[in-house]
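Chemist: Attaching a predicted model along with its sequence, questions to come.
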Amino acid sequence: MKRRALLGAGSAAVLAAPALVRAAPPPRDLLVQAMAFDDVLSLDPAESFEVASSEVLGNTCERLLRFDLDDPSRLVGVLARDWRLGADGRSYRFELAEGLRFASGNALTAEDVVFSLARAVRLDKAPAFILNQLGLSKDRLGSALAQDGPLALSLQTSEAFAPSFVLNCLTAIVASVLDKRLLLAHEVDGDLGHAWARRSHAGSGPFALRDWRANEILTLDRNEHFHGPRPALARVIYWHVKEATSQRLMLVKGDVDVARNLTPQDLDALAGAPELRITATPKGGLYYIGLNQKNPVLAKPEVREALKWLVDYDALGATLIRHIGRPWQNFLPQGIFGASLAAPFHQDIARARALLGKAGVPDGFELTMDVRSTQPDQGMAEAFQQWAARAGLRISLLPGDGKQTLTRYRARKHDLYLGDWSVDYWDPQSNAGAFAYNIDNSEHPATKPLAWRNAWDIPGLSHETLAALMERDDERRRADYERLQDEFRRSAPFVILCQQTQVAALRREVQGYRLGPTSDTNGLAPVSKLGGGVA
């Protein structure tokens, strides 16, 4: 059985591979997390759009602003020490803190901020739409972004959007500020350093990327140039362990400090263990099933509704997502401004069969479902497969790793897709713009939200989504999003299953470990350890 030696900064730790060989406990300045992160495809903030990579980038890169973990409606400065909105409702000015540096040691100035935002727009990868919403398009960059001095910049939005929307967009990973000098030093054929940045580090966060080997290991080192309090941890290791049981055993044996993907059964097994504790936070993430409208049967309204009456939400909450989620039926997670609490669906097989008969498919039909081969994803897919069979639907599961399933989904090659989605910024437009907006259903549109991935052609609903975005009165804006959710539940080709609860099991010596409501707010900078090996 294989051992790997992983050398920390000034310390060494020998960790077991998933074969679970007993190893020395990680030292005090090293945090080891067992976690499935097969969805990491790129670590360039201009391209990255996955859950695990968001956590990594949240700890390695910084943005102008972030939301307060204790009060997500409140924004606080990170790189920006001050910001203000002009009288026209479109002009924003930001002033940076002094003395900021990247992990490279290069000074961080307003030039880097303007470059980073413009770079994300010019590269035009999937998350660029978040900035495009503000009017940051390739043809507007010259007038929309300007450096006003070494530590000052201005942003001119295309419309007088709700200010909370604009500022929350700037908390998204795609708005991360990167080291211009470093990226351009690695530029190839005008790619603005993109090929290099997919696997390298150009940020200013409390940690810097040291190594990433897909589906194996990801290592972060302390950034000695970080402008905030110096992290107690010299190194953080994410160890890719797909099986929840293996994660639990590694945690109990002390081979890892934190286990991140435990099932309800694993969490039950750890209850009462004096050397361990559990931490949990409601997350702005959802599990859902997408129904590809390119499939002519799934495009029938009665079929879409029938699938929503197949879900046994009570059983789901009591078993597969116990401790790690709660049943949910709306595209806005609880905790986001405007989230609806309505939950009209429950399992009603007779009603589902009647709707299928009305759609002209009384004997059911065959489908495939793409699903990531991790838990609870695969367990929920298997449960839905069994529920659907009671109404005559024959679903074949197509499990794969995160990269495989996402690639098919983004190419609209699925029938059904069971996956998860987390908000990109703490504003209702983050999910409304994903689930209820698709202004161009052609094969190669400028933006490809979740509604597009499922070929849901909704010009009318898209305009309503844009209207909610423009509303500056809070109560009217709240009512707009509630109406959008009402229509979504009625007609959308999405079956919302549950809202995630992010859970971690950790050893008692781990202090200051806190999960945020979004993946990028799982901050490692405050974490320290008591005891353990010599630091």
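Modeler: Perfect, I can see it now. Owing to the predicted nature of the structure, the values given are computational and were not obtained by experimental measurement.
Chemist: Mind jotting down where the helices sit in the stretch 251-400 of the chain?
Modeler: Using DSSP state H, counting those that start in this stretch, the helices of the stretch 251-400 of the chain run over residues 264-270, 301-308, 313-318, 349-358, 377-389.
Chemist: Which one of those has the poorest average confidence?
Modeler: If you rank the helices of the stretch 251-400 of the chain by mean pLDDT, helix 264-270 sits at the bottom with a mean of 93.
Chemist: What sits closest to residue 187 if chain neighbours are left out?
Modeler: Nearest residue to residue 187, sequence neighbours excluded (CB to CB, 6 or more residues apart in numbering): residue 193, at 5.1 Å. No exception for glycine: its C-beta is placed from N, CA and C like everyone else's.
Chemist: The one you found touches residue 179, doesn't it?
Modeler: No: counting by CB atoms under 8 Å, residue 179 is not a contact partner of residue 193; they are 9.1 Å apart.
Chemist: Between those two, which contacts overlap?
Modeler: Counting by CB atoms under 8 Å, 6 or more residues apart in numbering, the shared contacts of residue 193 and residue 179 are residue 202.
Chemist: hmm, back to that, among the helices of the stretch 251-400 of the chain, which is nearest residue 511?
Modeler: Smallest distance to residue 511 across the helices of the stretch 251-400 of the chain (CB to CB): 18.6 Å, for helix 264-270.
Chemist: packing partners for the closest one?
Modeler: In terms of contacts (3 or more CB pairs under 8 Å, 6 or more residues apart in numbering; DSSP states H and E), helix 264-270 is packed against helix 244-253, strand 276-291, strand 494-507.
Chemist: Which of the residues in it are classified as buried?
Modeler: Judged by neighbour count using 16 or more other CB atoms under 10 Å, the buried positions of helix 264-270 are 264, 266, 267, 269, 270.
Chemist: Reformat the residues you listed as TSV; add distance to residue 45.
Modeler: Formatted as TSV, the buried residues of helix 264-270 follow (distance: CB to CB, whole Å):
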residue	distance to residue 45
264	33
266	32
267	32
269	38
270	35
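Chemist: coming back round to it: neighbour-wise, which of residue 193 and residue 179 wins?
Modeler: residue 179 (26 against 23; other CB atoms under 10 Å).
Chemist: re the thing from before, can you say which two of the buried residues of helix 264-270 are spatially most distant?
Modeler: Taking CB to CB, no two of these sit farther apart than 264 and 270, at 11.0 Å.
Chemist: quick one, what contacts residue 31?
Modeler: Residues near residue 31 by CB under 8 Å, 6+ apart: 233, 235, 236, 237, 257, 258, 510, 524, 527, 529.
Chemist: how about a cut-off of 6 Å?
Modeler: Contact partners of residue 31, counting by CB atoms under 6 Å, 6 or more residues apart in numbering, are 233, 236, 257.
Chemist: The second one touches residue 221, doesn't it?
Modeler: No: with contact taken as CB atoms under 6 Å, residue 236 and residue 221 are classed as non-touching, separated by 8.2 Å.
Chemist: neighbour-wise, which of the two wins?
Modeler: Legend: neighbour count by other CB under 10 Å for residue 236 and residue 221, higher for residue 236 (26 against 20).
Chemist: With that, I have no additional questions.
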